[in-house]
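In: Sequence first, predicted model second:
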Amino acid sequence: MTTMEQLAAKAKMFRDLHAGPGILVMANAWDAASAQRFEAAGFPAIATTSGGVAGALGYADHEAAPAEEMLAAAARIVRAVSVPVTVDFEAGYRLPPAEIARRLIDIGAVGLNLEDTDHHGTVGLVPAEVQAERLAAVKAEARALGIDLFLNARVDVFIRREGSMETQVAEGLRRARIYREAGADCIYPIILSDPTAIRALVDAVQVINVTVRRGGPISVIAAAQAGARRVTYATSIFRETMAALDEIATDIRTSIPGGSS
């Protein structure tokens, strides 16, 4: 069983991975088996994917899954590997910030994503100042418990695609600065792939997480050249795996006499 001292050391190890000199690359796991494969492949840390975890549990993404089931799945991933694990905790599943910190520390996570989309209301994006208060509260509770959780604050301006790119970048920069001032360790402008815009965010807040995918619009190398400190794959590896499974299932089904009819 991991002690608080061991977890604190693992959290520091994870934080140090963001300091370079190379970029931190994490594949996103959705269950214990995928996490173990990624650890065996040599990844120094693992991020979970909320979409993949929810899908593996039989739910849709965007907080359709109960918090208890998502936490239990994350706990299995943490137990299955020895490397640090950071949890995609979506927008917090309507849990109070202090409880978010406590529950993640209880399962042995070293970090988390928190996004600024309101999945249960009608406002779309949570006001930046309100989100900043939540981020600060999560950080404060984690530190009070002795673990400096690495908080990756997701900025959902770009995934919502509202307004021109110039407008999105301006709002993304505004939110990024507010979230960093509130204590976020990293800013995650999900799906942003324009190197110039990424560089503007790096110049403003230093530590940026960029989404990549195999064959996508931006590579790991390009993200690193734009100044990103880490890259993650979101749900893309899960989706590729499910597509491969579909092919296998179809191949097996059509090989059965009369199976394709």
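Out: It's in. Bear in mind the structure is a predicted one, so any value in this text is a computation, not a measurement. Residues are numbered from 1 along each chain as shown.
In: what about the strands in the stretch 51-200 of the chain?
Out: Chain-ordered strands for the stretch 51-200 of the chain, with DSSP state E, counting those that start in this stretch as the definition, fall at 85-88, 111-115, 150-154, 186-188.
In: In which helix or strand does F38 reside?
Out: helix 32-40 (DSSP states H and E).
In: still on that earlier bit, deepest-packed of the strands of the stretch 51-200 of the chain, please.
Out: strand 85-88 (a mean of 29; mean count of other C-beta atoms under 10 Å). All C-beta atoms are positioned from the backbone trio N, CA, C, and that covers glycine.
In: send the alpha carbons of it over as CSV?
Out: Output of strand 85-88 as CSV, limited to C-alpha atoms (Å, rounded to 0.1, in the frame of the first residue of the first chain):
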residue,chain,number,x,y,z
VAL,A,85,-0.9,8.3,-13.0
THR,A,86,-2.8,11.5,-13.6
VAL,A,87,-6.5,11.3,-13.9
ASP,A,88,-8.8,13.0,-16.4
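In: Dump the strands of the stretch 51-200 of the chain into a markdown table; add mean pLDDT and distance to I221 as well.
Out: Listed next are the strands of the stretch 51-200 of the chain as a markdown table, based on pLDDT from 0 to 100; distance: least, C-beta to C-beta, whole Å:
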| stretch | mean pLDDT | distance to I221 |
| --- | --- | --- |
| strand 85-88 | 98 | 23 |
| strand 111-115 | 98 | 23 |
| strand 150-154 | 99 | 21 |
| strand 186-188 | 98 | 19 |
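In: Figure out which of those is closest to E129.
Out: strand 150-154 (13.3 Å; C-beta to C-beta).
In: got a list of contacts for that closest one?
Out: 11, 14-15, 18, 86, 110-116, 131, 135, 138-139, 176, 179-180, 182-190, 209 (C-beta atoms under 8 Å, 6 or more residues apart in numbering).
In: go again using 6 Å as the cut-off
Out: Contacts to strand 150-154, defined as C-beta atoms under 6 Å, 6 or more residues apart in numbering, come from residues 14-15, 111, 113, 115, 135, 139, 179, 184-188, 190, 209.
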